[in-house]
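Trainee: Attaching a predicted model along with its sequence, questions to come.
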Amino acid sequence: MSGDSLETAWAGVRAIAAAPDAAAIRPLFVQDPQRFDRFHARGAGLLLDISKTSISDSAREALLGLARAADVAGQRDAMASGALVNVTERRAALHMALRGTLPGAAQECAEVAETLEQMRIFTDAVHRGEIRGATNQRFDTVLNIGIGGSDLGPVMVGRALWRAGDPMRPIHLGNVDGHGWETVLPQLDARRTLVLVASKTFTTQETMANAHLVKRWMEASVGKLGAAAHFVALSTNLKATAEFGIAPDRVFPFNDWVGGRFSLWSAIGLSLALSLGWERFRALLDGAAAMDRHFLEAPLEQNLPVLLALTEAWHVNGLGFNRRAVLPYDERLRRLPAHLQQLEMESLGKRVHLDGSAVVGATGPVVFGEPGTSAQHSFMQLVHQGPKPVPVDFILVANPDHTHAENHRILLAHGLAQAEALLMGRDAAGVTADMRAAGADEATIARLLPHRIFPGDRPSVTILLPRLDPGSLGALIALYEHKVFVLGALWRINPFDQWGVELGKVLATPLVAELAAGAPSDAHDASTRGLLAEVLKLQAG
């Protein structure tokens, strides 16, 4: 990858984006009624439509040229071969090995296979009742304690796929806020609850605080000796897990080449295997593997992660749209936006290039979202009529897993209508005609006209799933994972480290001690000292 050629390619993209009509979308459909046919692609069972963006033929060629100049394919293959693409931490990024799709990483795939087999044997034994709690009752609930990638991914997938009648009920405890524990506590019967403590180092402050809290509750319920039968660790720190009281055969490891936000496919997914059943967890991995193969093999111009990443680069760097909304039109995907917030913003929120030089321009946009149709009654007002366009990812599921056909028709119709409304808008003539047809007088029309105009030409992409099952969900998550990698290559940043997460943790440690002692120190800024003093004053009554 030549720096000069990459800068030349970026300059070409920016030149096209600087044209006066570069953000216009509707004229592209007028010029080409078959635009959808040429601007959608398929892979791993999913359909991606980017036709409702302002990417013209010339912009698409420039963007594909950018991908070639950035050597996306070469960097992808280097990642797949085990190269140390996480350059700051000198680590590989082999999350695809968790799905068994990296023949060039045979040793890592063998280690993964061993862990997966350990997970399968344990899962099946729990489901058969061979592994039971201290009171000899079968486990029917799995409580996963984790934070960040040890929580968001499993929560999202569990809520998307779990059904009544599945092997175990999943409960998740992520926030260190004690109110979170008080919320889940009424749902738990200690005698039937299996607790997973998910922390690679087994030192994560929030996770371990919750783990000790739950351990005290469990010991009060089944006794100190009996509590050990209820705990499992997802960790690599055997010394710390042993000190906590967890037997070595109850510890499931995962490697340092798996970042937290890419880890739900690893031992971190044990709560999913236990709650959904092994076959469905395996199907989730297989769906991700199908997207892996597509990413590794499909040409750039038909490669879904590449096209999705190039579309984002066009919006962020070409047009200056630094926010993106994610709208899954399926209630089961309620937590997908939260998972993508971590996956994308933790990966792409970087201010320096790989060589340490400052980024000029923007990298990752702000990601937010809610399920449709709920979002239509909240932030979609801003998306439709705010001064600056906000690109949207619409995620639609063609076939539901319920029998309420009319509800699903309404849901799909709203999802399609929102995308169409963002594209087409409503001009003055259309608003005037609508209001006259409704019987409004001319004075009322004149007064309300500016408020009821929708500018249109608001970009969106649509991802269509045939149905929401483990395979399609695995492919969808992997699609976004690979999109993140491609953007890292385009922006020349490291999407696999997260130094920005650490500083707040470091500063919190002395504050915990000061809160416990009731005495603020002079080590903080004036605002923090003042707030800490006020908190202590209020706590003192």
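Mentor: Okay, I see it. Numbering: from 1, shown residues only.
Trainee: Tell me the confidence at A516?
Mentor: Predicted confidence (pLDDT) for A516: 92.
Trainee: sorry, that was for G3
Mentor: pLDDT for G3: 69.
Trainee: Over to V501?
Mentor: Looking at V501, its pLDDT stands at 84.
Trainee: and the most centrally placed residue in the chain, helix, strand or coil?
Mentor: Closest to where the C-alpha atoms of the chain average out (C-alpha atoms, centre = their mean) is L340, at 2.2 Å. Look at L340: counting by DSSP: H, G, I helix; E, B strand; the rest coil, its state is helix.
Trainee: show me what contacts it?
Mentor: L340 sits next to 326, 367, 369, 480 when contact means C-beta atoms under 8 Å, 6 or more residues apart in numbering. In this view, the C-beta of every residue, glycine as well, is placed from N, C-alpha and C.
Trainee: where's it relative to I463, distance?
Mentor: From L340 across to I463, the span is 12 Å (C-beta to C-beta, to the nearest Å).
Trainee: Likewise for E370?
Mentor: For E370, the distance to I463 - C-beta to C-beta - is 16 Å.
Trainee: neighbour count winner among the two?
Mentor: More crowded of E370 and I463, by other C-beta atoms under 10 Å: I463, with 21 against 18.
Trainee: just checking, the more buried one touches F394?
Mentor: Yes: the criterion here is C-beta atoms under 8 Å, and I463 meets it with F394 at 7.2 Å.
Trainee: Now do the contacts for W265.
Mentor: By C-beta under 8 Å, 6+ apart, the contact list for W265 reads 95, 98-99, 284-285, 288.
Trainee: do you know how far it is from A229?
Mentor: W265 is 27 Å from A229, where distance means C-beta to C-beta.
Trainee: now do A523
Mentor: 44 Å.
Trainee: Could you give me the buried positions within stretch 206-215?
Mentor: Applying a neighbour-count criterion of 16 or more other C-beta atoms under 10 Å, the buried positions in stretch 206-215 are 206-208, 210-211, 214-215.
Trainee: and stretch 246-254, what's its mean pLDDT?
Mentor: 93.
Trainee: TSV for the contacts of W265, including secondary structure, distance to Q34 and neighbour count?
Mentor: Converted to TSV, the contacts of W265 look like this (DSSP: H, G, I helix; E, B strand; the rest coil; distance: C-beta to C-beta, whole Å; neighbours: other C-beta atoms under 10 Å):
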residue	secondary structure	distance to Q34	neighbour count
H95	helix	37	27
L98	helix	40	29
R99	helix	36	22
L284	helix	36	28
L285	helix	37	25
A288	helix	32	30
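Trainee: okay, now the closest residue to G456 other than its chain neighbours: neighbour count?
Mentor: Using C-beta to C-beta, 6 or more residues apart in numbering and skipping the chain neighbours, the partner closest in space to G456 is G425 (2.2 Å). Using other C-beta under 10 Å, G425 has 19 neighbouring residues.
Trainee: Can you give the domain ranges for this structure?
Mentor: Using automatic domain parsing, the domain ranges for the chain come out as 3-69+298-424+458-497, 99-284, 500-540.
Trainee: In a markdown table: those, plus distance to A440.
Mentor: Output for these, formatted as a markdown table (distance: least, C-beta to C-beta, whole Å):
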| stretch | distance to A440 |
| --- | --- |
| domain 3-69+298-424+458-497 | 20 |
| domain 99-284 | 45 |
| domain 500-540 | 52 |
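Trainee: Would you map the strands across the stretch 1-150 of the chain?
Mentor: Here the stretch 1-150 of the chain has its strands, by DSSP state E, counting those that start in this stretch, at 40-43, 46-49, 141-145.
Trainee: List the contacts of the longest one.
Mentor: Surrounding strand 141-145, the residues in contact under the criterion C-beta under 8 Å, 6+ apart are 150-151, 154, 168-174, 184, 187-189, 192-198, 207, 210-211, 214, 271, 274-275.
Trainee: Mind doing that once more with 7 Å?
Mentor: With C-beta atoms under 7 Å, 6 or more residues apart in numbering as the test, strand 141-145 has contacts from 154, 168-173, 188, 192-198, 207, 210-211, 214, 271, 274-275.
Trainee: ok, which stretches of the stretch 251-400 of the chain are strands?
Mentor: For the stretch 251-400 of the chain, the strands defined by DSSP E, counting those that start in this stretch cover 251-252, 323-328, 366-369, 392-399.
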